[in-house]
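Undergrad: sequence unknown, structure follows:
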Ligand code: HEC
Ligand code: HEC
């Protein structure tokens, strides 16, 4: 979807164009790039395939309705918004991995776009709004949930300084980071006698606002 023009980028372009040109330009871009409801919002049909191929379905039910693991679908549940999904996955990660390891299922790597696709599928395309996050609250959460104790320590060379990725964090990048770096993070927590932390959707929104402006 590299050719897709996202709404955010369009906002900037719109300011630079005259109104009459916009309509023509938008229609042209949409036709050329072949974008439907995908790009940053995710594609539900890809998500449906991923849900099976990554074996989520084997525990959460073939439609996410629940099985040996909790139901994921439903507007008030863990997929009520992207931040809610990211927060739910972070919060339940350690128990989920125990189940995944016990079932001898390889832990998948999930790219941010794939996380978006899974979200589009599980939310049925009717995802709700994320809570509004603020950077000041996010900094407090980042400290209270021990993130800062590893990520802001110059001495702790193997916990990356997240400021390097400011501006790139999203609910979907957090899902991806969880699956990609979570076991390394968990091992570090265990060795430092720290407990895995639980985050609410609001706290996830705040942390994202903080990380995206972190210097
Ligand atoms: C081997 C079984 C298993 C597999 C495979 C699995 N999960 Fe889970 N998942 C669980 C269990 C068990 C929990 C609940 C953990 C707990 O009680 O804290 C969970 C929790 C969750 C939650 C939080 C649910 C809530 O109520 O807040 C989400 C979201 C989730 N999983 C998504 C996924 C996705 C997406 C995949 C595929 C990439 C996946 N899971 C693969 C077992 C699994
Ligand atoms: C005990 C130390 C420790 C704690 C606590 C910790 N992390 Fe990490 N974190 C790490 C380490 C180590 C890695 C790299 C792991 C790897 O790549 O295997 C990492 C990786 C990450 C990444 C991926 C970075 C990248 O380059 O993509 C993100 C995002 C992240 N952590 C966010 C958080 C957040 C948010 C919290 C708090 C809720 C947190 N971490 C708490 C040690 C920690």
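TA: Nice, thanks for sending it over. Predicted model only: the values in this text are computed from it and were never measured. Ligands and ions are numbered 1, 2, ... in the order given.
Undergrad: need the contact list for residue 199.
TA: 87, 90-91, 141, 145, 207 (Cβ atoms under 8 Å, 6 or more residues apart in numbering). Where you see a C-beta, it was placed from the backbone N, CA and C, and this is true even at glycine.
Undergrad: ok, now residue 180?
TA: By Cβ under 8 Å, 6+ apart, the contact list for residue 180 reads 109-110.
Undergrad: now do the buried residues in the helix or strand it falls within.
TA: Secondary structure assignment for residue 180, by DSSP states H and E: helix 171-191. Residues 171-180, 182, 185, 189 are the ones in helix 171-191 that count as buried (16 or more other Cβ atoms under 10 Å).
Undergrad: can you redo the residues you listed as a markdown table with pLDDT and distance to ligand 1?
TA: Listed next are these as a markdown table, based on pLDDT from 0 to 100; distance: Cβ to the nearest ligand atom, whole Å:
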| residue | pLDDT | distance to ligand 1 |
| --- | --- | --- |
| 171 | 97 | 11 |
| 172 | 97 | 12 |
| 173 | 98 | 15 |
| 174 | 98 | 12 |
| 175 | 98 | 8 |
| 176 | 97 | 11 |
| 177 | 97 | 14 |
| 178 | 97 | 10 |
| 179 | 95 | 7 |
| 180 | 94 | 12 |
| 182 | 92 | 12 |
| 185 | 92 | 17 |
| 189 | 94 | 16 |
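Undergrad: max pairwise distance over those: which two?
TA: 172 and 189 (23.2 Å; Cβ to Cβ).
Undergrad: hmm, back to that, out of the contacts of residue 199, which are close to ligand 2?
TA: Filtering the contacts of residue 199 for proximity to ligand 2 by Cβ under 6 Å from any ligand atom leaves 145, 207.
Undergrad: closest one of the contacts of residue 199 to residue 164?
TA: Closest to residue 164 out of the contacts of residue 199 is residue 207 (16.1 Å), distances taken as Cβ to Cβ.
Undergrad: that closest one and residue 145, how far apart?
TA: Look at residue 207 and residue 145: by Cβ to Cβ, to the nearest Å, they are 8 Å apart.
Undergrad: before we move on, what about residue 179?
TA: 19 Å.
Undergrad: again with residue 204
TA: Going from residue 204 to residue 145 by Cβ to Cβ gives 10 Å.
Undergrad: looking at these two, which has the bigger crowd around it?
TA: A direct count of neighbours by other Cβ atoms under 10 Å for residue 204 and residue 145 places residue 204 higher, at 28 against 17.
Undergrad: tell me how the chain divides into domains.
TA: 7-35, 36-215 (automatic domain parsing).
Undergrad: which one of these has the lowest average pLDDT?
TA: Sorting the domains of the chain by mean pLDDT places domain 7-35 lowest, at a mean of 40.
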